[in-house]
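J.: next one to model:
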Amino acid sequence: VQLVESGGGLVQPGGSLRLSCAASGFTLVDYAIGWFRQVPGKEREGVSCITGSGSSTYYRPSVKGRFTVSRDNAKNTVYLQINSLKPEDTAVYYCAADNYCSGYGMGGLVWGQGTQVTVSS
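T.: Numbering: from 1, shown residues only. As a prediction, this is how the structure comes out:
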């Protein structure tokens, strides 16, 4: 049972990235998926959450309008589209699975290993 993130990288301010969170060993449709980020020396923070059906999505206020979470349950994958990237978005981004969203966060039963996003000119 694992989640694997991909899609991170180095991007200039104003650029875009699409992060993927692929599940193996379990069926994603049964779980809500949350996206989190962490900067060294700071606590991990939730940025977005999507319910198992995809019918509800939640966003941290600072990313609303720039981040879009979606899921393709047929591919057992959840995506986080990040537009208009800012230097303060630089962080390791993680996805997690749980039974439900708690706003734009969750407890997290299963976690991925993270993917680095660096926004710099």
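J.: ok, Ser102 - contacts?
T.: Counting by CB atoms under 8 Å, 6 or more residues apart in numbering, Ser102 touches Cys49. In this view, the C-beta of every residue, glycine as well, is placed from N, C-alpha and C.
J.: could you rerun that using 7 Å?
T.: Under the criterion of CB atoms under 7 Å, 6 or more residues apart in numbering, Ser102 has no neighbours.
J.: how much space separates it from Tyr58?
T.: Distance of Ser102 to Tyr58, computed by CB to CB, to the nearest Å: 9 Å.
J.: repeat that for Ala91.
T.: Ala91 sits 18 Å away from Tyr58, going by CB to CB.
J.: tell me the centre residue of this protein?
T.: With distances taken as CA atoms, centre = their mean, Trp35 lies nearest the centre of the chain, 2.8 Å away.
J.: phi, psi for that one please.
T.: Dihedral pair for Trp35: phi -110, psi 140, per degrees, to the nearest 10.
J.: you'd agree it is up against Val69?
T.: Yes: between Trp35 and Val69 a contact is recorded at 6.4 Å, counting by CB atoms under 7 Å.
J.: alpha carbons of stretch 84-104, as CSV, please.
T.: This file holds the C-alpha atoms of stretch 84-104, laid out as CSV (Å, rounded to 0.1, in the frame of the first residue of the first chain):
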residue,chain,number,x,y,z
SER,A,84,0.9,31.2,-11.1
LEU,A,85,3.7,29.7,-8.9
LYS,A,86,5.3,32.0,-6.4
PRO,A,87,8.6,31.6,-4.6
GLU,A,88,6.7,31.0,-1.4
ASP,A,89,5.2,27.9,-2.9
THR,A,90,8.7,26.3,-2.8
ALA,A,91,8.3,23.2,-0.6
VAL,A,92,8.2,19.4,-0.7
TYR,A,93,4.7,18.4,-1.6
TYR,A,94,3.1,15.3,-0.2
CYS,A,95,-0.1,13.5,-0.8
ALA,A,96,-2.0,11.4,1.7
ALA,A,97,-5.1,9.2,1.9
ASP,A,98,-7.7,9.1,4.6
ASN,A,99,-11.4,8.3,5.0
TYR,A,100,-12.4,11.9,4.8
CYS,A,101,-11.2,15.5,4.4
SER,A,102,-11.0,17.8,7.4
GLY,A,103,-11.4,21.0,5.5
TYR,A,104,-8.3,21.3,3.3
